[in-house]
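J.: coords please:
(one chain, ligands or ions: 1)
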Amino acid sequence: MDVLIRRVDPDVPLPSYAQPGDAGADVRTTEACELAPGERAVLPTGVSIALPEGYAAFVHPRSGLAARCGVAMVNAPGTIDAGYRGEIKVIVVNLDPRESVRFERFDRIAQLVVQQVEKVRFQEVAELPGSVRAEGDSGPPEAMPPWAPAPMNKRVGIDTRRSYPTGKDSDVFGRRKKSGAAEDAASEAEQVVDGIDNEDAEDTEGAEPQRVRLEPEPRPDGPWDVSEVREPGEGRVDLGGLFVPGVEGMELRVEVAGDAIVAATIVLQDSAVQLQGFAAPKREGIWGEVREEIASGITQQGGVIDEVEGPLGWELRAQVPVQLPDGTGGFQVVRFVGVDGPRWFLRGVISGQGAVQPQAAGLLEQIFRDTVVVRGEGPMAPRDPIVLKLPDDAQMVPEGVQQEDQETSRFSGGMGQLARGPEITEVR
Ligand SMILES: O=c1ccn([C@H]2C[C@H](O)[C@@H](COP(=O)(O)OP(=O)(O)OP(=O)(O)O)O2)c(=O)[nH]1
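T.: Next up is the predicted model:
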């Protein structure tokens, strides 16, 4: 089909399909630009189009750029409405934590996919027809579920408000999923990992013949084991069991279970990521099983789970039932991300805007990736939390205590287990 196009920049080459079967026609930037790590820019393409009614064009990232340089589109895919006559723009972001990326004038920066789109009429009804997914969902529960992120008994906060440059210790590959199968995920997974961890000492084979063991996936982009990083403290906050990257304007809170600090939460504007490290077997990743546990728990609570392959590997995107301040039931969107490392597992819970709009969570994901885990050499039971400490120069300000513990998986985000404690303010 023909689409009318106008060059806003008279010299720009028209969008073109690189190969005969391509779905997307490459578009170019008419402005050269250099993006520092984490920086974004709105780049003009030098063209505007007139699509027929019933069509839209979608601006997609180019996979080559993403793989080579970590360039993504903030709003991918960008939507070009049929009625839009302005110049098509591309909102690119450099997600590489270390390297700048440079575009020259007329470099191909994105691809345009034209598609037919439905315009629907929304018909309001009192009840929706059932679906396979809806089966077993019992609706919002009466009580506050253990997955609800709000209540914590004790918590410690560090307000950093300063800039930490990131380290320069990593290199680049790709990471993929492992799969784990467990009917009764919680109990079986415990058994399996316990068995394997004990076995580590003797280095024997075959104690679990009914299961295929999968090695932890490679971690080309982190998070890192302390042995893989030259200067873990460079640009990171030393929390003992974790070195957490420092970012301008972030607020860092640590959370306690009993007397031990076990989780750190980084709050950045309207998003947060909670980081928690756990001991794990040497040769088997546990993230597959842990995902199943979290998913089944949330589904039982009436929540909805999507398992998707995101920027940090396989993750759960969950709509978790919560009680709203006015007492009514609502849902909160949360992302559970996780990575298996050498004898440890790092779990992140992304909440706020970074969960609602995962494409806007680049910086939080970067923080997760650039975290360094210090499991220590001592014996630990699989799935035991890796204990953290306060930064040496943190100053504590006591704060009120509220909310009792709730029974839940320790991987559920620690929502019911962690405790709010004294507030601390960092002084440097
Ligand atoms: O990557 C993009 C996304 C959008 N646009 C243009 C075409 C689109 O028709 C217009 C509005 O975009 P969109 O509808 O996504 O933006 P909005 O924030 O929802 O604005 P509006 O309220 O104008 O629809 O901006 C681009 O040039 N590039």
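
J.: how about Ala66, secondary structure?
T.: Judged by DSSP: H, G, I helix; E, B strand; the rest coil, the three-state class of Ala66 is helix.

J.: Please apply the same query to Gln19.
T.: Here Gln19 is recorded as coil under three-state DSSP.

J.: Could I get the phi/psi values of it?
T.: Backbone torsions for Gln19, taken as degrees, to the nearest 10, come to phi -130, psi 160.

J.: what's the spacing between it and Asp26?
T.: 10 Å (CB to CB, to the nearest Å). The way it works is simple: take the backbone N, C-alpha and C, and place the C-beta from them, glycine included.

J.: Same question for Asp326.
T.: For Asp326, the distance to Asp26 (CB to CB) stands at 50 Å.

J.: So for those two, which sits in the more crowded spot?
T.: A count of neighbours by other CB atoms under 10 Å puts Asp26 above the other of Asp326 and Asp26, at 17 against 6.

J.: Gly54 reaches Ala82, doesn't it?
T.: Yes - judged on CB atoms under 8 Å, Gly54 makes contact with Ala82 at a distance of 7.1 Å.

J.: So those two - more neighbours on which side?
T.: For Gly54 versus Ala82, neighbours defined as other CB under 10 Å are more numerous around Ala82 (15 against 11).

J.: which residues does the more buried one contact?
T.: Ala82 sits next to 51-56 when contact means CB atoms under 8 Å, 6 or more residues apart in numbering.

J.: contacting residues for Phe103?
T.: 29, 31-35, 43, 92, 109.

J.: Among those, which one is most surrounded by other residues?
T.: Val92 (26 neighbours).

J.: quick revisit: any chance of the contacts of Ala82 in TSV, plus distance to Pro13, secondary structure and pLDDT?
T.: As requested, the contacts of Ala82 are arranged in TSV below (distance: CB to CB, whole Å; DSSP: H, G, I helix; E, B strand; the rest coil; pLDDT from 0 to 100):
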residue	distance to Pro13	secondary structure	pLDDT
Leu51	20	coil	96
Pro52	24	coil	94
Glu53	28	coil	93
Gly54	28	coil	94
Tyr55	23	strand	96
Ala56	23	strand	97
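
J.: now, which of the residues you listed sits nearest the ligand?
T.: Of all the contacts of Ala82, Ala56 has the smallest distance to the ligand: 8.1 Å, by CB to the nearest ligand atom.

J.: Spatially nearest residue to that closest one (excluding sequence neighbours)?
T.: Val117 (4.7 Å; CB to CB, 6 or more residues apart in numbering).

J.: Ala76 versus the one you found, what's the distance?
T.: From Val117 across to Ala76, the span is 17 Å (CB to CB).

J.: can I assume Asp306 sits in a helix?
T.: No - assessed by three-state DSSP, Asp306 does not belong to a helix; its assignment is strand.

J.: Correct me if wrong: it contacts Trp314.
T.: No - using CB under 8 Å as the test, Asp306 is too far from Trp314 to be in contact (11.0 Å).

J.: And the residue of the protein closest to the ligand?
T.: In the chain, the residue that lies nearest the ligand is Gly78 (1.9 Å; CB to the nearest ligand atom).

J.: For beta bridges, what are the partners of that residue?
T.: Beta bridges link Gly78 to Val59, judged by DSSP bridges.

J.: ok, it to Leu43 distance?
T.: The gap separating Gly78 from Leu43 is 11 Å, by CB to CB.

J.: Could you list the contact residues of the protein toward the ligand?
T.: With CB under 6 Å from any ligand atom as the criterion, the chain comes near the ligand at residues 59, 75, 78-81, 84, 88-91.

J.: quick one: which of Asp306 and Trp314 has more around it?
T.: Trp314 (21 against 11).

J.: what sits against that one?
T.: Neighbours of Trp314 in contact, by CB under 8 Å, 6+ apart: 177, 287-288, 291, 307-308.

J.: per-residue confidence at it?
T.: For Trp314, the model assigns a pLDDT of 92.

J.: Am I right that it sits in a strand?
T.: Yes - counting by three-state DSSP, Trp314 is located in a strand.

J.: Where does pLDDT dip in the stretch 201-350 of the chain?
T.: Applying pLDDT under 70 to the stretch 201-350 of the chain picks out residues 201-215.

J.: and what of the stretch 1-150 of the chain?
T.: Scanning the stretch 1-150 of the chain with the threshold set as pLDDT under 70 gives 131-150.

J.: try 90
T.: Residue ranges of the stretch 1-150 of the chain with pLDDT under 90: 20, 64-65, 68-69, 119, 121-150.

J.: Let me see the ranges of the helices in it.
T.: 63-69 (DSSP state H, counting those that start in this stretch).

J.: can you pull out the strands in it?
T.: Secondary structure of the stretch 1-150 of the chain (DSSP state E, counting those that start in this stretch): strands located at 4-7, 25-28, 33-35, 40-44, 47-50, 55-61, 71-73, 78-80, 89-94, 101-103, 108-116.

J.: Make a markdown table out of those and add distance to Ile367.
T.: A markdown table is the format used below for the strands of the stretch 1-150 of the chain (distance: least, CB to CB, whole Å):
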| stretch | distance to Ile367 |
| --- | --- |
| strand 4-7 | 41 |
| strand 25-28 | 32 |
| strand 33-35 | 19 |
| strand 40-44 | 17 |
| strand 47-50 | 37 |
| strand 55-61 | 22 |
| strand 71-73 | 16 |
| strand 78-80 | 26 |
| strand 89-94 | 15 |
| strand 101-103 | 20 |
| strand 108-116 | 26 |
